[in-house]
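Visitor: from the sequence below, what's the structure:
(one chain, ligands or ions: 1)
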Amino acid sequence: MNETKKVAIVTGASRGIGAAIASRLAADGFTVVVNYAGNVAEAERLVASIETAGGRAIPAQADVSDGAAVARMFDAAQAAFGGVDVIINNAGIMKLSSIADTEDALFDSHIAINLKGSFNMLREAAKRLREGGRIINLSSSVVGLYQPNYAVYAATKAGVEAMTHVLSKELRSRDITVNAVAPGPTATALFLDGKPQAVIDQLAKLSPLERLGQPEDIASAVAFLAGPDGAWINGQVLRANGGVI
Ligand code: NDP
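Guide: Predicted coordinates for the structure are as follows:
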């Protein structure tokens, strides 16, 4: 049966939105490669829970900013499952700072993981994805909101959106769609860590639905684009944010 299943690599799937996406795609029938950077215990726990639920998954350590490591992860997926059909470029970091106060290390890490990491995955996917494949990049609704202190992070996500549009055209005739999902404030460590409760409450009220997004809200949007109902959506950015912008 497994040869007929579509194979999805989800980067940054040990926690947060990526873990919800991996669980949802597995429930939808995809074989899932659960990528992580350092959090092996969380990745293995997620793989075990997917398999307990009757799905198929393997953990795959790779720092997405390392192009050789990304290529090895594709090799491993191809060796284990025969090919790759879907990639979800979800791995990312967000550290907030005004431009005046931003140190080189913060700037460089965002470029390396959010922008180069996405690029490394896109380059391999462009070479290797099977016909009928899907590419989904995680952007952010800060591209549009452009709040103070988000400049470097927003710049990397604007770059991800640019690559989304360009790659959708470069893959002409391959029957592969390329889209981005741009969440708003979503209840994960990336968003919550270091923020006072009052700030969290204020950001939760940004949406007319008056709550934070949950990882499953974002996974639903990704699953739509990865599944049969998303087949005619290509080169688009879908803001999944409860209406903040
Ligand atoms: P989390 O901080 O909760 O999780 C980040 C994940 O990325 C972890 O699995 C982590 O792995 C992985 N990761 C970090 N660096 C690397 C790396 N170099 N290589 C491989 N994996 C890496 O983040 P979220 O779930 O909140 O965010 C997921 C995506 O959604 C990001 O792209 C983010 O920018 C975007 N987003 C999030 C929003 C939010 O409000 N939460 C809003 C808009 C967009 P490990 O556990 O091993 O460290």
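Visitor: which bits of this structure sit near the ligand?
Guide: Proximity of the chain to the ligand is confined to 11-18, 35-39, 42, 63-65, 90-94, 113, 117, 138, 140, 183, 185-186, 188-191 under the rule Cβ under 6 Å from any ligand atom. C-beta: built from backbone N, CA, C; applies to glycine.
Visitor: give me the buried entries from those residues.
Guide: 11-18, 35-37, 39, 42, 63-65, 90-94, 113, 117, 138, 140, 183, 185-186, 188, 190-191 (16 or more other Cβ atoms under 10 Å).
Visitor: which residues are in contact with the longest helix belonging to the chain?
Guide: Secondary structure of the chain per DSSP state H: the longest helix is helix 151-170. Here helix 151-170 makes contact (Cβ atoms under 8 Å, 6 or more residues apart in numbering) with 89, 92, 94-99, 102, 106-107, 110-111, 114-115, 118-119, 122, 126, 135, 137-140, 142-143, 146, 177-180, 182, 234-235, 237.
Visitor: so for that helix, what's the average pLDDT?
Guide: Average pLDDT, helix 151-170: 99.
Visitor: what sits against the spatially most central residue of the chain?
Guide: Geometric centre of the chain, nearest residue: Asn90, 1.7 Å, by Cα atoms, centre = their mean. Residues counted as contacts of Asn90 (Cβ under 8 Å, 6+ apart) are Val10, Thr11, Gly12, Ala13, Ile17, Gly18, Ile21, Leu138.
Visitor: between the residues you listed, which is closest to the ligand?
Guide: When the contacts of Asn90 are compared for distance to the ligand (Cβ to the nearest ligand atom), Gly12 wins out at 2.6 Å.
Visitor: for the closest residue to the closest one other than its chain neighbours, report the pLDDT, please.
Guide: Nearest residue to Gly12, sequence neighbours excluded (Cβ to Cβ, 6 or more residues apart in numbering): Ala91, at 3.1 Å. Model confidence at Ala91, given as pLDDT, is 99.
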